[in-house]
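# here's a sequence, model it:
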Amino acid sequence: MSTSAIAINGAISVGAYFITVRMIPRLREMFIKANLCGKDLCKRDKPQVPESYGVIIGCVFLISMFLFIPIPFAFDEDAATDAVTGGKPITFPHDKFVELIAALLSICCMIFLGFADDVLDLRWRNKLLLPTIATLPLLMVYYVNYNSTTVMMPNFARGFFGTSVNIGIFYYIFMGKLAVFCTNAINILAGINGLEVGQSLIIAGSVIVFNFIELFLGHQVESHQFSLYFMIPFFATSLALWKFNRYPSQVFVGDTYCYFAGMSFAVVGILGHFSKTLLLFFLPQILNFLYSTPQLFHFVPCPRHRLPKYDAKSDLLHISTTEFRMSELSSLGRLMVIVLRALRVISWQEQADGRVVTNNFTLINFLLVVFGPVHERVATEMLMGFQVLCSLLALFIRYPLANFFYATQSSI
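Below is the predicted model of the structure:
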């Protein structure tokens, strides 16, 4: 393991953290003058807060990675400059170099497209298209370098399908959809101070811990080194942002940060060859997506903003609601609502005119349904605590429990 390259990456990341901490407050007025700002609706005085700060974090991250590009190859004997000719040897790992550049290109594209979304306020169908476009360099490089579309089967299925199955083009569809999910999943579970950055920090920290465990075990060393090269500076710059984005937020991150974070996770999951494990760290986001499905696909009326309601008198968050008549819903919509009501995971009030009032279907509102009105800071802390518990569960599934399903844990 190239410990020197990881140590240098860590040093660059520390520098990126301090640079980001100094930049964020100094650029505040510039963003406000450019009208890149919004009101914090969950505060009594509704202060004006600069937003779209994800573009600053993304730029610092990219600069850090640009400086790091030659470092892994400086410690690689196969990449050493020929002493006689002064050129690169035949053994130079061009595939690793191209992977690194393609990963940065995909992240750079996602930052640009995310900032365009913040400025132009694109429609939801465009939000699904943007990650697909940004992931194209990644998928093309994966095709050239690997083109491995084989999926390891769990032990109980090997009698039917064998040890592995080649799913061909469906593997590329899965990787493309993984990028779409990662970018939008963080964006959906958002809206209160510190939540977007907080959940991303915990996921990044979980991936870093997982990478070091795998390196210690000697599993796919190069892949997990590659992941660390991205996750350490991502964690450092996000930590600097969280210092200003946590309650009470001095800056908002915008869709740019959500897209940047999601694409960074997708990059390491795909090129680090642990996409299924990555999804385990996204358990809260998966649950939020499944819970939100009736509204996201308009089986149930979905308002543009589903943020909790703020009560200025109590300084607490309350559930936000949506109204509908059961007769207005499709048969599938009615079935979804009936199931959710039977499971007691939504509030339910029937009006005299026959209309039904329920909470909006987000994990934040579900938290308020279960625990009642809470302070915004408490809501963020509870959701981040849930994210930590899910990460611990993911590591338990990945190690002790994986032995029951796979012959070797390195297969996932």
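
# which SS state does the closest residue to Phe371 other than its chain neighbours fall under?
Excluding its sequence neighbours, the residue lying closest to Phe371 (Cβ to Cβ, 6 or more residues apart in numbering) is Met382, at 7.5 Å. For the C-beta atoms, the positions are set from N, CA and C on the backbone; glycine is no exception. When the structure is reduced to helix, strand and coil (DSSP: H, G, I helix; E, B strand; the rest coil), Met382 reads as helix.

# next one, pLDDT for Met382 please.
Met382 carries a pLDDT score of 97 in this model.

# got it, and Val388?
97.

# cool, the one 10 residues further on as well?
The predicted structure scores Arg398 at 87 on the pLDDT scale.

# okay, now the unreliable bits of the protein?
Low-confidence segments of the chain (pLDDT under 70): 1, 76-90, 124, 154-157, 159, 402-412.

# make it 80
Residue ranges of the chain with pLDDT under 80: 1-2, 75-92, 121-130, 145-165, 304, 400-412.

# I'd guessed the residue nearest to Phe371 sits against Glu376; true?
No: at 10.9 Å, Met382 and Glu376 do not qualify as touching, with contact defined as Cβ atoms under 8 Å.

# which one of those two is surrounded by more residues?
Neighbour comparison, Met382 and Glu376: the larger count goes to Glu376, with 22 against 15 (by other Cβ atoms under 10 Å).

# just read off the phi/psi values of that one.
When quoted as degrees, to the nearest 10, the phi and psi of Glu376 stand at phi -60, psi -40.

# just Ser52 next, same as before
Ser52 adopts backbone torsions of phi 70, psi 30, taken as degrees, to the nearest 10.

# which residues touch the closest residue in space to it that isn't next to it in sequence?
If the residues on either side of it in the chain are set aside, Ser52 comes closest to Gly254, at 3.7 Å by Cβ to Cβ, 6+ apart. With contact taken as Cβ atoms under 8 Å, 6 or more residues apart in numbering, Gly254 is in contact with Leu36, Glu51, Ser52, Tyr53, Gly54, Val55, Gly114, Phe115, Asp118.

# tell me who's in contact with the second one.
Which is Glu51. The contact partners of Glu51, by Cβ under 8 Å, 6+ apart, come to Phe31, Leu36, Cys37, Gly38, Asp118, Val251, Phe252, Val253, Gly254.

# would a markdown table of the contacts of Gly254 with secondary structure be doable?
Conversion of the contacts of Gly254 to a markdown table gives the following (three-state DSSP):
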| residue | secondary structure |
| --- | --- |
| Leu36 | coil |
| Glu51 | coil |
| Ser52 | coil |
| Tyr53 | coil |
| Gly54 | helix |
| Val55 | helix |
| Gly114 | helix |
| Phe115 | helix |
| Asp118 | helix |
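
# neighbour-wise, which of those residues leads?
If you count neighbours using other Cβ under 10 Å, the busiest of the contacts of Gly254 is Gly114, which has 32 neighbours.

# just to revisit the earlier point, gap between the residue nearest to Ser52 and Ala266?
Here the criterion is Cβ to Cβ, to the nearest Å. By it, Gly254 lies 19 Å from Ala266.

# what of Phe235?
Counting by Cβ to Cβ, the separation of Phe235 from Ala266 is 16 Å.

# who has more neighbours out of those two?
When neighbours are counted by other Cβ under 10 Å, Ala266 comes out ahead of the other of Phe235 and Ala266, with 29 against 20.

# which SSE is the more buried one in?
Under the assignment given by DSSP states H and E, the secondary-structure element containing Ala266 is helix 254-271.

# after that helix comes which helix or strand?
Moving on from helix 254-271 towards the C-terminus, the next helix or strand you reach (DSSP H and E) is helix 275-281.

# which parts of that next one are buried?
Of the residues in helix 275-281, those scored as buried under the neighbour-count criterion (16 or more other Cβ atoms under 10 Å) are Ser275, Thr277, Leu278, Leu279, Leu280, Phe281.
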